[in-house]
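Student: next comes the sequence, and after it the predicted model I'd like to discuss.
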Amino acid sequence: MREVAVIGVGMSKWGELWHQPLRDLACEAVLKALAQTKVDKVESIHVGCMTGGLFAGQEHLASVVADYLGFAGVPASRSESACASGGVAFKAAYAEVAAGICDVALVVGMEKMTDVGGDEATYALGTAADQEYECYNGATFPGLYGMMAVRHMHEFGTTRRQLSQVAVKNHANGLLNPEAQYHAKITFDEVESSALVADPLRLLDCSPITDGAAALVLCPLSTASKLGKKAGVKVLGLGHATDTIALHSRKDLCRLAAVETAAARAYKMAGVGPKDISLAEVHDCFTIAEIMVTEALGFAELGEGGKLVASGATAMGGRIPVNTSGGLKSKGHPVGATGVAQLVELVTQLRGEAGARQVKKPRVGLAQNMGGTGGSSIVSILGVA
Amino acid sequence: MQPQRYWREIPQRYRLEAGRCKRCGKVFMPVRGICDSCRSTEFEPVRLADRGKVHTYTAIRVPPAGFVAQTPYVLAVVELEDGVRLTMQVADCGPDEVRVGLPVRVEFRKINEVGKSGVICYGYKAVPA
């Protein structure tokens, strides 16, 4: 296996972008990523998108992207793993480059979510849960995470204030990220008086609906200095795992087994542990998710994730800054793009180019991307080359 | 809801019919083709317990299409007396009345109406016991 480097990263504008079709978002992100390299032609394209069909009426997206990039002819394929689609597309591209199947690969994560109304968006996102045994009975994603939150509060005493702390922290970080969808400082009072969506989760506990794309250019580490223009960032480890599709099938509703397994695999491959991580981008689709994920990644003991965020350890300047980009909560959550955008943030930080939100001399960054209620997860660890 | 899908799920939705692994005894709702504990592919039908308690819950305030008329409604993961857990609504129970551990009974109820012709979907819901 060859060592793999990330030599280019780019993001389209993120937000409610009615004037831009899905394919244009992809091209915008890719052109920025390619501009950071000396690459003018890629050998392989991997697209991550959850459900272009339900959100934008378009499938066969790998070919759409290749065509509109002017790369028709290049092999392209799409990965789908609900909100972890972007992370899984990255894994596919990584594997091709590591195995020597290709020498320059492109990863594009994308989603166009605002062409549909609220009911259709709820339905499309619901397809990531168990349609027949959860959604049939009226479950929604905020509802499923709400049930995880209630159980976590019941077993460990996690508090309403600790949930709020995640939202307040991530919006404070997003304020420093020019690419974030929501540039708004929010207060505890605002979170706790926002409309209830699914008890105990309120509107400001939830990540938003977003249009957006993100892209990466990968090549073997041995050619990174020739093909790249910037400081090298390499892939240290990668882990991927699944869990039951329905939340109720899990032995323990307070544990994210797919995240735990994916993290263990990634740490082992990278030869590092939780204490070695300089910063992490994690899947805070809801505030409770960040609390549970930080436990699954080993940043806190099981049940201590609420206390971790309340202690300030995961805030900017803390022991292990989490979601310096603003996270899904503030940066936005175009589902298929999220896993790729997390890696964009890690590369930006590891290069020292994160501006006002720059973590001091980071060496190792971790990204955790998750599908559904944790039915899939992928953990990637990047380091300074 | 497509009629063919609705029709094939009638045993589990109307009668709480699950499948018990003939080799290791693990119960699956709905029945599966492969046991995840022992890899056996042989199952026998078994009716689930109709009593249990709330393992966790939420109150849905922003509903999906087809559930607007019932909103807000309580949704829970219910642990039945035989140990099987299922996601279901807790009917006849307000958001302020539900709690972890609440004893419930499972009943055959209307879930909602779908489509322009208002086809009625039935299934199981819990009610406070």
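Tutor: Right, received. Where do you want to start? Residues are numbered from 1 along each chain as shown, chains lettered A, B, ... in the order given.
Student: pLDDT below threshold where in chain B?
Tutor: Residues of chain B that meet the criterion pLDDT under 70 lie in B:1.
Student: state the phi and psi torsions of the residue in the stretch 101-250 of chain A positioned nearest to chain B.
Tutor: As assessed by Cβ to the nearest Cβ, chain B sits closest to A:Gly146 within the stretch 101-250 of chain A, at 3.5 Å. In short, each C-beta sits where N, CA and C put it, glycine included. Main-chain torsions, A:Gly146, degrees, to the nearest 10: phi -60, psi -40.
Student: my guess is it meets A:Asp199, correct?
Tutor: Yes - the pair A:Gly146 / A:Asp199 is scored as a contact, 5.8 Å apart, by Cβ atoms under 8 Å.
Student: what sits in contact with each of these two?
Tutor: With contacts defined as Cβ atoms under 8 Å, 6 or more residues apart in numbering or on different chains, the residues shared by A:Gly146 and A:Asp199 are B:Thr58, B:Ala59.
Student: A:Val347 and A:Ala231 touch, don't they?
Tutor: No - with contact defined as Cβ under 8 Å, A:Val347 does not reach A:Ala231; the gap is 9.5 Å.
Student: higher neighbour count, the two?
Tutor: Taking other Cβ atoms under 10 Å in any protein chain shown, A:Val347 and A:Ala231 do not tie; A:Val347 has more neighbours (25 against 15).
Student: and the pLDDT for that one?
Tutor: pLDDT for A:Val347: 98.
Student: what about the helices in chain B?
Tutor: B:3-8, B:10-15 (DSSP state H).
Student: got a list of contacts for the first one?
Tutor: Meaning helix B:3-8. A:Glu132, B:Val119, B:Cys121.
Student: going through those, which ones are buried?
Tutor: A:Glu132, B:Cys121 (16 or more other Cβ atoms under 10 Å in any protein chain shown).
Student: phi, psi of the residue of the stretch 251-385 of chain A found nearest chain B?
Tutor: Residue nearest to chain B within the stretch 251-385 of chain A: A:Leu253 (6.0 Å; Cβ to the nearest Cβ). With angles defined as degrees, to the nearest 10, A:Leu253 sits at phi -70, psi -10.
Student: how about the strands of the chain, start to end?
Tutor: Defaulting to chain A. Using DSSP state E, the strands of chain A run over A:4-11, A:44-48, A:76-79, A:105-112, A:196-198, A:201-202, A:211-220, A:233-242, A:279-281, A:364-371, A:376-384.
Student: hm, I was asking about chain B
Tutor: Assigned by DSSP E, chain B shows strands spanning B:17-21, B:27-28, B:43-47, B:51-60, B:73-80, B:85-90, B:103-114, B:119-128.
Student: what degree of burial does B:Phe28 show, as a neighbour count?
Tutor: By the criterion of other Cβ under 10 Å, B:Phe28 has 19 neighbours.
Student: just give the closest residue to it, not the sequence neighbours.
Tutor: Spatially, and ignoring its direct neighbours in sequence, B:Phe28 is nearest to B:Gly19 (5.1 Å; Cβ to Cβ, 6 or more residues apart in numbering or on different chains).
Student: residues of chain B that sit close to chain A?
Tutor: B:5, B:9, B:29-30, B:55-65, B:67, B:70, B:73, B:75-77, B:85-89, B:95, B:100, B:111-112, B:121, B:123, B:125 (Cβ under 8 Å from any Cβ of the partner chain).
Student: please tell me how far the residue lying closest to A:Glu80 once chain neighbours are set aside sits from A:Gly372.
Tutor: Once flanking residues are discounted, A:Glu80 sits nearest to A:Met50: 6.3 Å by Cβ to Cβ, 6+ apart. Using Cβ to Cβ, to the nearest Å, A:Met50 is found at 10 Å from A:Gly372.
Student: now do the shared contacts for the two.
Tutor: A:Ala82, A:Cys83, A:Ala128.
Student: so what's the residue count around the nearest residue to A:Gly239 once chain neighbours are set aside?
Tutor: In this structure, A:Gly239 finds its nearest non-sequential neighbour in A:Arg265, 2.9 Å apart by Cβ to Cβ, 6+ apart. If you count neighbours by other Cβ under 10 Å, A:Arg265 ends up with 17.
Student: how about A:Gly57?
Tutor: The tally of other residues near A:Gly57 (other Cβ under 10 Å) stands at 11.
Student: over to B:Tyr14?
Tutor: 12.
Student: thinking again about what came up before, dump the contacts of helix B:3-8 to a markdown table, plus distance to A:Trp18.
Tutor: Shown next, in a markdown table, are these (distance: Cβ to Cβ, whole Å):
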| residue | distance to A:Trp18 |
| --- | --- |
| A:Glu132 | 34 |
| B:Val119 | 35 |
| B:Cys121 | 35 |
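Student: more neighbours: A:Gly146 and A:Asp199, which one.
Tutor: With neighbours defined as other Cβ under 10 Å, A:Gly146 and A:Asp199 compare such that A:Gly146 has more, 30 against 23.
Student: where's the more buried one relative to B:Val98, distance?
Tutor: For A:Gly146 relative to B:Val98 (Cβ to Cβ), the value is 12 Å.
Student: give the residues shared as contacts by the two.
Tutor: B:Ala59.
Student: so what's whichever residue of chain B sits closest to chain A bridging to?
Tutor: Per Cβ to the nearest Cβ, B:Thr58 is where chain B lies closest to chain A, at 3.5 Å. Residues in a beta bridge with B:Thr58, per DSSP bridges, are B:Leu75.
Student: need the contact list for it.
Tutor: By Cβ under 8 Å, 6+ apart, the contact set of B:Thr58 is A:142-144, A:146-147, A:150, A:198-201, B:74-76.
Student: my guess is the residue nearest to A:Gly239 contacts A:Ala258. True?
Tutor: No - A:Arg265 lies out of contact with A:Ala258 (Cβ under 8 Å); the separation is 10.8 Å.
Student: what do the two both touch?
Tutor: With Cβ under 8 Å, 6+ apart as the test, A:Arg265 and A:Ala258 both reach A:Ala241.
Student: quick one on the thing from earlier: identify the residues contacting the residue of the stretch 101-250 of chain A closest to chain B.
Tutor: A:Gly146 neighbours (Cβ under 8 Å, 6+ apart): A:Val197, A:Ala198, A:Asp199, A:Pro200, A:Leu201, A:Phe286, A:Ile288, B:Thr58, B:Ala59.
Student: which residue packs closest to the last one, ignoring adjacent ones?
Tutor: Take B:Ala59 and drop its neighbours on the chain: the residue closest to it by Cβ to Cβ, 6+ apart is B:Pro95, 3.5 Å away.
Student: what is the burial count for that neighbour?
Tutor: B:Pro95: 16 neighbours (other Cβ under 10 Å).
Student: which strand residues bridge the residue nearest to A:Ala270 when sequence neighbours are not counted?
Tutor: Counting by Cβ to Cβ, 6+ apart, A:Ala270 lies nearest to A:Gly237, which is 2.9 Å off, once chain neighbours are set aside. Taking DSSP bridges, one obtains A:Ile381 as the residues bridged to A:Gly237.
Student: check contacts around A:Gly237.
Tutor: Per Cβ under 8 Å, 6+ apart, neighbours of A:Gly237: A:Arg265, A:Ala266, A:Tyr267, A:Lys268, A:Met269, A:Ala270, A:Gly271, A:Val272, A:Val379, A:Ser380, A:Ile381.
Student: now it: how far from A:Gln349?
Tutor: A:Gly237 sits 17 Å away from A:Gln349, going by Cβ to Cβ.
Student: now swap in A:Ala315 and tell me
Tutor: Distance of A:Ala315 to A:Gln349, given as Cβ to Cβ: 15 Å.
Student: which one's more surrounded, the two?
Tutor: Higher neighbour count among A:Ala315 and A:Gln349: A:Gln349, with 23 against 20, using other Cβ under 10 Å.
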